[in-house]
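> Attaching a predicted model along with its sequence, questions to come.
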Amino acid sequence: MSPKTLYDKIWDAHVAHEADDGTCLLYIDRHLVHEVTSPQAFEGLRMTNRKVRAPDKTIAVPDHNVPTTPGREDPKNMTEDSAIQVAALDKNAKDFGIHYYPVSDVRQGIVHIVGPEQGWTLPGMTVVCGDSHTATHGAFGALAHGIGTSEVEHVLATQTLIQKKSKNMKVEITGKLRPGVTAKDITLSVIGATGTAGGTGYVIEYCGEAIRDLSMEGRMTVCNMAIEGGARAGIIAPDEKTYEYCNGRPHAPKGAQWEAALNWWKTLYSDDDAQWDKVITLKGEDIAPVVTWGTSPEDVLPITANVPAAEDFKGGKVGAAQRSLDYMGLTSGTPLKDVEIDTVFIGSCTNGRIEDLRAAAEILKGKKVAVKRAMVVPGSGLVRAQAEEEGLADIFKEAGFEWRLAGCSMCLAMNPDQLQPEERCAATSNRNFEGRQGRGGRTHLMSPAMAAAAAITGKLTDVRDLM
Ligand SMILES: CC(C)[C@H](C(=O)O)[C@@H](O)C(=O)O
Ligand code: SF4
């Protein structure tokens, strides 16, 4: 047998049909659904009198539009568009008999946090969702990626997806990370090195000692941003940490089925002599705590650097860099550590898990925020409950953070949590595009520990100075 990558193995195990031009029909194990990209897809089924093919493999949760303050069940607390989308999801979930976590359910949260938490996401699966950050689930050794609304309808109706195979890319992070450096710094540094198009046409497998050393939460943070590097998906081979995370989750297999699953999962790794179309290697020790300065996730610099000048860039990038600097209201040559921050947002499917809240709380303990507003938005109701039990919520509240209910929140401006024009935010989310967090808002991406450090000093801050 010819050697295969992990991606090849999962792909081959799911191909139901291959056409002469290489287009495949792929079987889908899990279909995650949220309120923004599904209403038309369900409407399509209704109009043609079709059912959901595999309701037991279809899981829905509202996350993007929901407010994160008490009373959010009341549609009056949402914009009309949001209220319509959430109501549509409520109705579609009921009418089509799929699994559903409404806002009133403690298990509700960001779809990419709920899937793994409930044991829906498992190694070796194909996982899709009408959402680009579906890449997150690749942390389990699943082939997971976003799809468009017409594909959502196709998967609902057939439990299959039409796909062409991507190429194989390996991103290896060797050695150990230095203190203060986290999974977020890895994933941002990779994008800084490869650019937002570096992964275009590829599925990226992340490997190497620094990746193996990460917790499942950290691995999800890494895979979450594969899409920001242009890749179709990110994936990490499952290991003992993966099995341990999955074991006992509500929808993970049990007993003999667990044993059978484990036997398959243990075959899920890239063979030694597998062929890679592209390889990138970074040394763990070379990765610093980083922040973004511009309006693309590739605009990454170590916190010890200065704001760049447009002339530092080449060719077509000069104009883009100038536009970014103007939008961000930054002057070239300013030390990043001197950039003052108005707001801190800790949350999102990149960094809204329990470990992220622990890392931020560790820095905040006994301190007070020096920014105008600071909010923590746990990624799910269960993360929130656990953080309360561990005393993290008290640390956040005593420091001056708002302690919110679960949702996408200020990651994107589709709900009431938004930046004002020119409001500058230290954010743990994954996109810093113009207007992403609100029209005219300015976003600096970083790790939860770095965001907590910025909250305390009121500036972009090197977390190592507070450790
Ligand atoms: C709204 C949704 C389609 C979108 C995505 O696909 O990623 C959102 O989750 C985002 O992060 O921009
Ligand atoms: S938290 Fe942000 S990135 Fe994640 S799904 Fe929601 S809007 Fe998209």
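That came in fine, so what should we check first? Ligands and ions are numbered 1, 2, ... in the order given.
> what sits against Ala413?
Contacts for Ala413 (C-beta atoms under 8 Å, 6 or more residues apart in numbering) come out as 419, 435-439, 441. Quick note: C-beta positions are derived from backbone N, CA and C, even for glycine.
> So for the longest helix along the chain, what gets flagged as buried?
The helix that spans the most residues within the chain, counting by DSSP state H, is helix 80-96. Under the neighbour-count criterion of 16 or more other C-beta atoms under 10 Å, helix 80-96 has 82, 85-86, 88-90, 92-93, 96 buried.
> now do stretch 149-160
Applying 16+ other C-beta under 10 Å to stretch 149-160 flags 151-160 as buried.
> Quick one: distance of that stretch to the chain centre.
In terms of C-alpha atoms, centre = their mean, to the nearest Å, the centre of stretch 149-160 is found 22 Å from the chain centre.
> ditto for stretch 454-467
Remark: stretch 454-467 is offset 24 Å from the chain centroid, using C-alpha atoms, centre = their mean.
> And for stretch 199-218?
Relative to the centre of its chain, stretch 199-218 is centred 13 Å away, using C-alpha atoms, centre = their mean.
> now the end-to-end length of that stretch.
Using C-alpha to C-alpha, to the nearest Å, one end of stretch 199-218 lies 20 Å from the other.
> how about stretch 406-423: buried residues?
Neighbour counts over stretch 406-423 (16+ other C-beta under 10 Å) mark 406-419, 423 as buried.
> cool, stretch 337-347 as well?
337, 339, 341-347.
> Is it positioned near ligand 2?
No - on the criterion C-beta under 6 Å from any ligand atom, stretch 337-347 is out of touch with ligand 2, staying 7.3 Å away.
> So which residues on this protein come close to ligand 2?
With the criterion set to C-beta under 6 Å from any ligand atom, the chain comes near ligand 2 through 63-64, 110, 112, 131, 133, 348-349, 408, 411-412, 429-430.
> Could you single out the nearest of the residues you listed to Asp239?
Nearest to Asp239 out of the residues of the chain next to ligand 2 is His112 (C-beta to C-beta; 20.7 Å).
> That closest one: how many residues sit nearby?
Applying other C-beta atoms under 10 Å, we find 34 residues neighbouring His112.
> hang on, the earlier thing: the buried residues of stretch 149-160 into a markdown table, with extra columns for pLDDT, secondary structure and distance to ligand 1?
As requested, the buried residues of stretch 149-160 are arranged in a markdown table below (pLDDT from 0 to 100; DSSP: H, G, I helix; E, B strand; the rest coil; distance: C-beta to the nearest ligand atom, whole Å):
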| residue | pLDDT | secondary structure | distance to ligand 1 |
| --- | --- | --- | --- |
| Glu151 | 98 | helix | 12 |
| Val152 | 98 | helix | 10 |
| Glu153 | 98 | helix | 15 |
| His154 | 98 | helix | 17 |
| Val155 | 98 | helix | 15 |
| Leu156 | 98 | helix | 16 |
| Ala157 | 98 | helix | 20 |
| Thr158 | 98 | helix | 21 |
| Gln159 | 98 | coil | 21 |
| Thr160 | 98 | strand | 21 |
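> Could you list which of the buried residues of helix 80-96 also contact ligand 1?
Applying C-beta under 6 Å from any ligand atom to the buried residues of helix 80-96, none is adjacent to ligand 1.
> will you turn those into a markdown table that also has pLDDT?
As requested, the buried residues of helix 80-96 are exported to a markdown table (pLDDT from 0 to 100):
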| residue | pLDDT |
| --- | --- |
| Ser82 | 96 |
| Gln85 | 98 |
| Val86 | 98 |
| Ala88 | 98 |
| Leu89 | 98 |
| Asp90 | 98 |
| Asn92 | 98 |
| Ala93 | 98 |
| Phe96 | 98 |
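> quick one, longest strand in the chain?
With secondary structure taken from DSSP state E, the chain has its longest strand at strand 167-174.
> Output the contacting helices and strands for that one.
Strand 167-174 is packed against helix 183-194, strand 202-207, helix 209-212, strand 278-283, with contacts defined by 3 or more C-beta pairs under 8 Å, 6 or more residues apart in numbering; DSSP states H and E.
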